[in-house]
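Asks: dropping the sequence and predicted coords here.
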Amino acid sequence: MADAALLKIFEAAIDLKRPVAIRPFEVVEGDTGNRIVLTLTDDGEAASLAGMYVNAVFSNSNGISVQETGDGSVTIDGNTVTIDLNPASFAPGMVECELQIYSSSDEAPEDITDCDVLVTSAKFNFSCRRAILNGETLPAAPMFPTLSALVESVTEAETARASAEAARQANETVRQANEAVRQENEVLRQSNETVRVTQEGARITTERLRVGSETQRASAEAARASAETAREAAETARAAAETARAAAEESRAATFAELIASVPGGAEILQSPPTEATEGDTGSLAVVSSTGRAYICADAHDGDGTAADPPHYTWRRIEYASDWEEINSFTLTEDLGAIEINKDSNGEPFFFDELRITMLGGMSGGNTARVAVNGNTNQYYATFSNFIAMNVTYPERCMAVLTLKKPRMNFMIAEKNTSGDGDGSTVAAAKTTYVGMLRLNTAITGYSAVRISGNGSSYKFITGTQVLVEGRNLH
């Protein structure tokens with residue numbers, strides 16, 4: 001075939017051992033410009049065909065056909081087989097193809113003369129359709145003048161037809177005899193056609209099942225690869241978490257080592273929680289390793305061993321605080337009589353052992369504030385005078401810091417610090433103005449909300465006041 005000819009080139013990869021899904025392609029009955037370029041592998045590896053003889057065997061609706069290296073229609077280059085399709089190798093419908101590869105068991109590729117070894121590749125399929133223009137297509141009618149001439153010819157032919165009718169009737173008797181034979185042959189043909197259609201249906205069904213199975217296999221392989229990726233990510237996360245856990249454990253051990261070293265007179269490490277029966281002197285330290293809690297013996301009394309005077313040991317839990325963590329911060333956009341914080345900056349609830357509220361601004365109408373915790377203003381509140389001393393000239397110099405300690409035995413310790421005395425001084429002096437204890441009607445363990453309000457209806461926090469709420473936990 002000349003190099004300048006227009007060809008349809010179809011490329012595909014097939015394997016010697018296992019079927020491989022290829023991109024579907026279609027040829028047209030009677031075309032002579034079809035070329036198939038096949039890349040041959042052996043279980044995924046390139047298969048060298050140097051010096052070998054290759055037959056391309058085709059199965060189609062017209063039967064079996066073969067193209068071979070010897071007739072020049074099949075050529076080999078490395079592991080690539082090029083087939084210039086003969087029109088006889090395909091017919092309308094599904095076409096199956098496999099490669100028969102002949103080689104020698106005793107000779108090198110360049111010296112092969114006796115092809116005594118045959119292997120056959122996996123099959124692949126392609127489809128063929130009938131051309132619109134074929135032997136059964138009626139030619140198009142010419143233009144109108146030609147049609148007129150044909151009408152005249154038909155008129156003349158009708159005269160001849162009448163003459164021929166007599167001869168036709170004479171031949172009818174012969175035709176009827178032949179028709180009887182034809183009908184018998186037609187019954188046989190229809191029977192054979194029924195068998196062929198049934199076999200073709202079974203073949204198509206089998207092919208669909210094969211394609212479906214291949215699709216399921218590809219999907220399963222994709223799912224397996226995805227699961228493997230997820231497993232590797234989870235393993236990476238687990239390793240990172242283990243590293244963080246080890247670092248946290250080292251930090252915890254270092255913290256307790258520092259705590260133990262800070263106790264005068266040394267420390268005794270106990271393996272169980274301290275009780276009144278635990279022996280030890282004042283200043284000894286007990287650590288429960290399973291929970292990380294530490295206790296110091298604050299008082300020891302041996303007693304005389306009688307029921308009236310038994311040994312008694314008082315243990316006090318040692319706690320250390322984590323860093324302050326910002327809960328929320330904002331600036332007032334209008335004068336407010338009360339400021340309530342029960343959500344963090346993301347709108348989520350919070351809970352901390354201790355709270356610290358820092359306010360930069362001032363109050364108008366008065367500077368006495370009422371502080372309530374956990375949303376119950378009837379039970380938990382304390383009143384502080386001079387909460388924010390209003391500085392009319394320099395309100396940005398007025399600051400109050402309120403610290404709420406962890407409740408102990410229904411008591412809460414509140415500490416208020418202020419900065420600025422309201423006289424317009426350019427120097428802001430910090431001082432502790434109030435430390436008080438508030439008895440709680442109901443025991444609480446920590447804080448989930450805080451509300452600061454002016455002590456009178458005319459007391460308001462001014463617009464622009466900045467508020468920072470922080471929390472921390474004790475360990």
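Replies: Nice, thanks for sending it over. Residues are numbered from 1 along each chain as shown.
Asks: so where is the stretch 51-200 of the chain shaky, pLDDT-wise?
Replies: For the stretch 51-200 of the chain, applying pLDDT under 70 flags the ranges 106-114, 134-151.
Asks: confidence score at D42?
Replies: We note a pLDDT of 89 for D42 in this prediction.
Asks: tell me how many other residues crowd it.
Replies: Using other Cβ atoms under 10 Å, D42 has 14 neighbouring residues. Every C-beta, even on glycine, is put in place using the N, C-alpha and C of the backbone.
Asks: I figured it hits R18, correct?
Replies: No. D42 is beyond contact range of R18, at 10.1 Å (criterion: Cβ atoms under 8 Å).
Asks: can you give me the distance of L209 to N34?
Replies: Taking Cβ to Cβ, to the nearest Å as the measure, L209 falls 28 Å from N34.
Asks: let me fix that, I meant to ask about T403.
Replies: 88 Å.
Asks: what about stretch 208-227, distance to the chain center?
Replies: Computed by Cα atoms, centre = their mean, to the nearest Å, the separation of stretch 208-227 from the middle of its chain amounts to 19 Å.
Asks: need the CA coordinates for that stretch. PDB is fine.
Replies: Extracted in PDB, the C-alpha atoms of stretch 208-227 (Å, rounded to 0.1, in the frame of the first residue of the first chain):
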ATOM      1  CA  ARG A 208     -21.100  -9.100  27.400                       C
ATOM      2  CA  LEU A 209     -20.400 -11.200  30.500                       C
ATOM      3  CA  ARG A 210     -16.700 -11.000  29.700                       C
ATOM      4  CA  VAL A 211     -16.700  -7.200  29.400                       C
ATOM      5  CA  GLY A 212     -18.800  -6.900  32.600                       C
ATOM      6  CA  SER A 213     -16.400  -9.100  34.500                       C
ATOM      7  CA  GLU A 214     -13.500  -7.000  33.200                       C
ATOM      8  CA  THR A 215     -15.200  -3.800  34.300                       C
ATOM      9  CA  GLN A 216     -15.800  -5.300  37.800                       C
ATOM     10  CA  ARG A 217     -12.200  -6.400  38.000                       C
ATOM     11  CA  ALA A 218     -11.000  -2.800  37.100                       C
ATOM     12  CA  SER A 219     -13.400  -1.300  39.700                       C
ATOM     13  CA  ALA A 220     -12.200  -3.700  42.400                       C
ATOM     14  CA  GLU A 221      -8.600  -2.800  41.600                       C
ATOM     15  CA  ALA A 222      -9.400   0.900  41.900                       C
ATOM     16  CA  ALA A 223     -11.100   0.300  45.200                       C
ATOM     17  CA  ARG A 224      -8.100  -1.700  46.400                       C
ATOM     18  CA  ALA A 225      -5.700   1.100  45.500                       C
ATOM     19  CA  SER A 226      -7.900   3.600  47.200                       C
ATOM     20  CA  ALA A 227      -8.100   1.500  50.300                       C
END
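Asks: same question for it, mean pLDDT?
Replies: Stretch 208-227 shows a mean pLDDT of 94.
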